[in-house]
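In: here you go, sequence then predicted model.
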Amino acid sequence: MFMLELDSITKSYKRGFIPKPIHVLKGISLTVNRGEVCGYLGPNGAGKTTTLKIIMNFISPDSGKALINGIDVARPEARVSVGFLPEEPYYYHYLTGMEFLDYCGRLCGIPHPKRQERIVYFLERVSLTDAREKRLSEYSRGMLQRIGIAQALINSPELLILDEPLSGLDPEGRRDILNILLELKKSGITILFSSHLLADAELLCDSISIINHGRIILSGKVRDVLVQESSSSKIEVTLSSSKNFDRQIIQNFNAIEVIPLPEHKYRIITNEKDINPLLGTLISAEIAIVSVIQKSLTLEELYLKTLSDDDTRN
């Protein structure tokens, strides 16, 4: 049984006096295994937040079903084991960090002794122990994100859903949240998070689903999809220049790019089909080869390529 399963979810809205509905989700199907970190990626307006709202039962789909632990999300028991942090959470700024988590624990029905124990534990886990008596109005954006993650964890959920948890943060704040998420990943909690920060997603995710114009256009394990889509992978050849070095040699092989490096070295970016003839010519010319590295697609490159191909088709 999957931790989370979406099957053919559709959602549309009517706006103002426009009679024709706007289709936001067009048959979204998605599964997340237990203990997996899944990145839900896509541009602004693609339908990410609408999908997460349906999972949390804030809105209902027009058709299709959403299940958590095999239970329909419309049933309250499905959401007992879920923690959620929206993209733009609202906080009662007059509360302290401890008071806010106590309030959230009460909403979850956690009894007093256990609630206090969890508050102390999760404040420490998100590095806010020293700020526990500060009012939320005094918290920085990064601190608010950390307290937001703490409230999402207060009920010890099996599934954690985060909507753009890393957006809008300065580099230090992003690093702090990233470290927290990496710790949660090691603990085995299932995480679904939306993002458009691809480098962070590549570091965190076991699997990804890319959504565009309300449809999932690519889905799978990160490692698998990167290998599968890297048929035109590039190869980097680093070499030392010498009296025998001639840039014309490189140009004859249609090198994608020749990059001068310090210490009289060059880096050549070429295609896989050209690498053997190129290496043979370099060796024959007695040009010293320092390294040869095959470069597969990064998640960011794959994401941009997938969106571009999809936009071209549509």
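Out: Looks like it came in fine. Numbering: from 1, shown residues only.

In: what are the buried residues along the helix or strand hosting Y266?
Out: Applying DSSP states H and E as the criterion places Y266 in strand 265-271. Within strand 265-271, the residues that count as buried by 16 or more other Cβ atoms under 10 Å are Y266, R267, I268, T270. Where C-beta positions appear, they are placed from N, C-alpha and C, glycine not excepted.

In: now do the contacts for the closest residue to L299 other than its chain neighbours.
Out: Spatial nearest neighbour of L299, excluding adjacent residues (Cβ to Cβ, 6 or more residues apart in numbering): E202 at 3.8 Å. By Cβ atoms under 8 Å, 6 or more residues apart in numbering, the residues touching E202 are V222, T298, L299, E300.

In: state the distance from E202 to S8.
Out: For E202, the distance to S8 (Cβ to Cβ, to the nearest Å) stands at 28 Å.

In: please apply the same query to L239.
Out: On the measure of Cβ to Cβ, L239 and S8 end up 53 Å apart.

In: low-confidence ranges in this structure?
Out: Confidence mapping of the chain against pLDDT under 70 gives the ranges 18, 229-233, 241-256.

In: which ones are touching E257?
Out: For E257, the contact set (Cβ under 8 Å, 6+ apart) comprises I268, I269.

In: list the beta-bridge partners for it.
Out: I269 (DSSP bridges).

In: for T96, same thing?
Out: Per DSSP bridges, the residues bridged to T96 are R135.

In: verify the stated contact: it with E133.
Out: Yes: T96 sits in contact with E133 when judged by Cβ atoms under 8 Å, with a separation of 5.3 Å.

In: please say which of those two ends up with more neighbours.
Out: For T96 and E133, the more surrounded residue by other Cβ atoms under 10 Å is T96, and the numbers stand at 17 against 9.

In: if I pick that one, what's in contact with it?
Out: Going by Cβ under 8 Å, 6+ apart, T96 touches R132, E133, K134, R135, L136.

In: neighbours of the first one, how many?
Out: Using other Cβ under 10 Å, the number of residues around R132 comes to 17.

In: list the contacts of it.
Out: By Cβ under 8 Å, 6+ apart, R132 lies in contact with T96, G97, M98, L123.

In: surely L85 and I161 touch.
Out: Yes: here L85 reaches I161: they are 7.5 Å apart, a contact under Cβ under 8 Å.

In: what sits against I9?
Out: Residues in contact with I9 (Cβ under 8 Å, 6+ apart) are L25, G27, I28, S29, T51, I54, P61, S63, G64, K65, A66.
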